[in-house]
Structures are given as C-alpha cells and as structure tokens.
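S.K.: mind looking at a prediction? Sequence and model below.
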Amino acid sequence: MVSAKRKKPRKTGGKTAEADVGEGSRKATKDAAGTASVFLEKDPGICLVYHVKDAQGRYLTDEQAVRALQSSALPADTMAARKASGVRICADGDSWINILWPLSALAGYAPTFFDILEGRYYAQNVAYPGDTFEQMRQKKDYRQLVKSASFDFFIFSGGGNDILGGGALTELLRPRTSGTPGDPRSFLRLDVLDRKVRSLEDGYNEIARDVAILSTPKRTQMLVHGYDVPTPVANGPWLGQPFTRRGFNLTSDGVLIERILTHLVDRLYDMLERIERAQDNVTVVNLKNIVQGRWNDELHPRKAASQDLAQKFIAVMEPSV
C-alpha cells in the first residue's frame, strides 16, 4: 500500500535529478555477468514508490518495469507446480499484490502473498505499487486479462491507500485532545470516513459487475480482501507520523491507536461483506489476525506472513487441499 498518487521524476536543467533520500535509496539488480541492469530510485514525495531505471539511466514505464521483472525464466519445479494445480489466476491492485519483488528485495522488501501464489499457479498480474483505488477504477488494467475468460480467479486488492495511507490517515484523524479514549470512533472524522467507504463500495460494485460481464462464459470469481491491523512505528510515514502529528504518543497511547486502526480495518471488511452479499461472483478472504506482528514495515508483511496469507487464498481456490 502507498499513500499518494505517483509523481513524475523531478527534472533539473533538462536532466533527471537523482532524489536525495539518503543511503540505500538507489538499488540495482545485476545480470549474469554481474553488470547492473535495472535500478530503483526512491520517490521522496510518495511512500514506498520507486522509479525503475535501466542501465542507461532511462526511466521505465510501469509496464516496462513489470516486464523487466518477469523476464527471467521460472525454475522447472515452479512450472511443474503450476501445471499440476490447473488453477489460473490474475490480479490487479496495490502493493499488497505487487511490491516489484524480487527487484524490491534489494531495498529490503519481502514477496507479497501473490508472489507466493505465483509459485503455485499460472498467474498474470497488472497491479502496481502506488495506485490508489480511484486510479485502479479509472484505468481498469484488469479488463484485458478478465476478458480472455481463461482465468478461474481474479484477485483484487484496493482501499488500503484510501484509508491507511499517510495522507489518508492524516485526513481521517482528529487531534488526540478531541476524543474519548473509550470510543475510538471519537478520534476519527467520521464524515470523511463514511464518504471514503461509500466511494470504495461504489467502485467495488462497479468492478465486480464489470468482471462478471467480461469473463462470461467463464464466470471468473473475484476474490477481495481487507487488511490485517497494522502497527505504527516511530517516524513511520504511513501510521507513525500521522498519529504523532495529531498529538498521539505511540507508546502510552498504544492500546488506543490499535483500537482506532482496528475500527478502520473493520470498516473495510464491513464494506467488502456487503459487496459479497450483493455480487454473486465475489468472495471475501479475511486476512485479519494472520500477520501477528510479522511486519516488514508498518504496512507490508514479511515473507513468513505472506506465506500464511497465501494459504488463506489457497483454501478458497482449492478447498479440498
């Protein structure tokens, strides 16, 4: 998940300027000869968004970056596992689907649950970190995949940027002095939250209907998920800083902060369950209480947690396993 729309690389005097974000902000993959082939350049204006560059320093488009990551051949055992399962999946969404792994491993990030699923199933993925829900809704990058009517499941991940991202959370939170500790809702701008949830619900219903029509006669099933309750860290861009700016103490207010975040996550699940009841091609995969503290940062799971998250999807797609 990320908190804001991607910005174009900053340019100075006709040349692209490197972002001054400190040591480790620019990472590179290497080809078989040991030569750097693809670079990551962190965007200082947006949480967890990297511009991808080739060896000549040219910025790649989202599509080019994804192709660069998919260019290496899969191991034979992975191909065999895919063939054995017979299940075909596709996906669109945020960085809970695609975190540019394995390229992002150089920046310390772990594979997502969808990266784990790609080792088991034939999979196609048009998700990209940095997209807000509205961007996904407008672009509808999933349409070509779903329209092929060849996929059993379409996994969609969206809404975290709109509720839990740094900018979104700052907008939702009221000052620490304004609420009552026994009522986590009193620390939230409920009018703003209600508006965001209504917009998400409209979008999910729209996408679900679109998938049902496009995938006929296959009737690809749409799997959606909420998020686990995250944990803020000091100076963390998504959670820690927004709470601190509103006067919360991450230590002494720890229980209250957890209740506030739990309320936000539960609002997302309540909305998704309404979608599930309204659309017969939608199934909610509940991911609460799975990460259990195994966070790579404030919002993204470590590999072991991603493996457990993937198992929740496998249980839905292969209930006999």
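M.R.: All right, it came through fine.

S.K.: just the strands in this structure please.
M.R.: Under the criterion DSSP state E, the chain carries strands at the ranges 11-12, 15-16, 26-30, 36-42, 50-54, 88-93, 122-125, 153-157, 221-225, 282-285.

S.K.: what ranges do the helices span in the stretch 201-321 of the chain?
M.R.: Under the criterion DSSP state H, counting those that start in this stretch, the stretch 201-321 of the chain carries helices at the ranges 240-245, 254-278, 303-317.

S.K.: could you dump those helices to JSON lines with mean pLDDT, mean neighbour count and distance to Cys90?
M.R.: Every residue, glycine included, has its C-beta placed from N, CA and C. Shown next, in JSON lines, are those (pLDDT from 0 to 100; neighbours: other Cβ atoms under 10 Å; distance: least, Cβ to Cβ, whole Å):
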{"stretch": "helix 240-245", "mean pLDDT": "95", "mean neighbour count": "19", "distance to Cys90": "33"}
{"stretch": "helix 254-278", "mean pLDDT": "97", "mean neighbour count": "17", "distance to Cys90": "19"}
{"stretch": "helix 303-317", "mean pLDDT": "96", "mean neighbour count": "18", "distance to Cys90": "12"}
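
S.K.: and of those, who's closest to Ala91?
M.R.: helix 303-317 (10.2 Å; Cβ to Cβ).

S.K.: so where's this structure shaky on pLDDT?
M.R.: Within the chain, the segments meeting pLDDT under 70 span 1-56, 59-85, 321.

S.K.: how's it carved up into domains?
M.R.: With automatic domain parsing as the criterion, the domains of the chain are listed as 11-62, 75-317.

S.K.: now, of those domains, which is deepest in the fold?
M.R.: domain 75-317 (a mean of 18; mean count of other Cβ atoms under 10 Å).

S.K.: still on that earlier bit, any chance of the helices of the stretch 201-321 of the chain in CSV, plus distance to Pro230?
M.R.: Putting the helices of the stretch 201-321 of the chain into CSV (distance: least, Cβ to Cβ, whole Å) gives the following:
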stretch, distance to Pro230
helix 240-245, 10
helix 254-278, 6
helix 303-317, 12
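
S.K.: wait, which of the ones you listed is closest to Gly203?
M.R.: Using Cβ to Cβ, the nearest of those to Gly203 is helix 254-278, at 9.8 Å.

S.K.: and the closest one, what does it pack onto?
M.R.: Packed against helix 254-278, as judged by 3 or more Cβ pairs under 8 Å, 6 or more residues apart in numbering; DSSP states H and E, are the following elements: helix 160-163, helix 190-214, strand 221-225, strand 282-285.

S.K.: and of those, who's closest to Val87?
M.R.: The nearest among those, by Cβ to Cβ, is strand 221-225 at 10.9 Å.
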